[in-house]
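Asker: No letters, just coordinates:
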């Protein structure tokens, strides 16, 4: 019998406009200091702007941007015999979405172009759709590092 407790999954948070769990998570990750209404305004405006830019449904272009920035592998540190190795590990689907959303939000916050957060987030989502931009580069960098450390894969947990 396992000593670990069973994990109870939290119920999904859906947003009001699209009834999508991913957009609900995105709004919550974007939110600062509990100001959800401002985060909703920023998220919906930028998703709408991306939809207009690509002349598609807003939610489809947003999901495509997330799809392009999802990491398939990540590096985990593992201490073996006094030295630490970076071991490539496959990423679970929930964590893929989390990392993708976080990278997009962090990249848009660090952007210098654009006056408002709506402009910055729109630009980052457009860049993610075009397979450019900071969030996409972060994914590519993670994959390159995992490829370089593939020799240590036999140290998996």
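Answerer: Nice, thanks for sending it over. Note that this is a predicted model, so its numbers are computed, not measured.
Asker: can you pull out the helices in this protein?
Answerer: For the chain, applying DSSP state H gives helices covering 21-30, 36-54, 58-69, 93-110, 117-129, 134-148.
Asker: so which of the ones you listed comes closest to residue 2?
Answerer: Proximity to residue 2 (C-beta to C-beta) singles out helix 93-110 among the helices of the chain, at 20.7 Å. Heads up, the C-betas are built off the backbone N, CA and C, glycines and all.
Asker: and the closest one, what does it pack onto?
Answerer: helix 21-30, helix 58-69, helix 117-129, helix 134-148 (3 or more C-beta pairs under 8 Å, 6 or more residues apart in numbering; DSSP states H and E).
Asker: Buried residues of it, list them for me.
Answerer: The neighbour-count check on helix 93-110 (16 or more other C-beta atoms under 10 Å) flags 96, 97, 99, 100, 101, 103, 104, 105, 107, 108 as buried.
Asker: Which of these sits closest to residue 134?
Answerer: Using C-beta to C-beta, the buried residues of helix 93-110 come closest to residue 134 at residue 107, 3.6 Å.
Asker: What separation do you get for the residue nearest the centre of the chain and residue 151?
Answerer: Centroid-nearest residue in the chain, with C-alpha atoms, centre = their mean: residue 100, separated by 1.4 Å. From residue 100 over to residue 151 the distance is 27 Å, taken as C-beta to C-beta, to the nearest Å.
Asker: so where is the protein shaky, pLDDT-wise?
Answerer: In the predicted model of the chain, residues 1, 152-157 satisfy pLDDT under 70.
Asker: Perfect, I'm done here.
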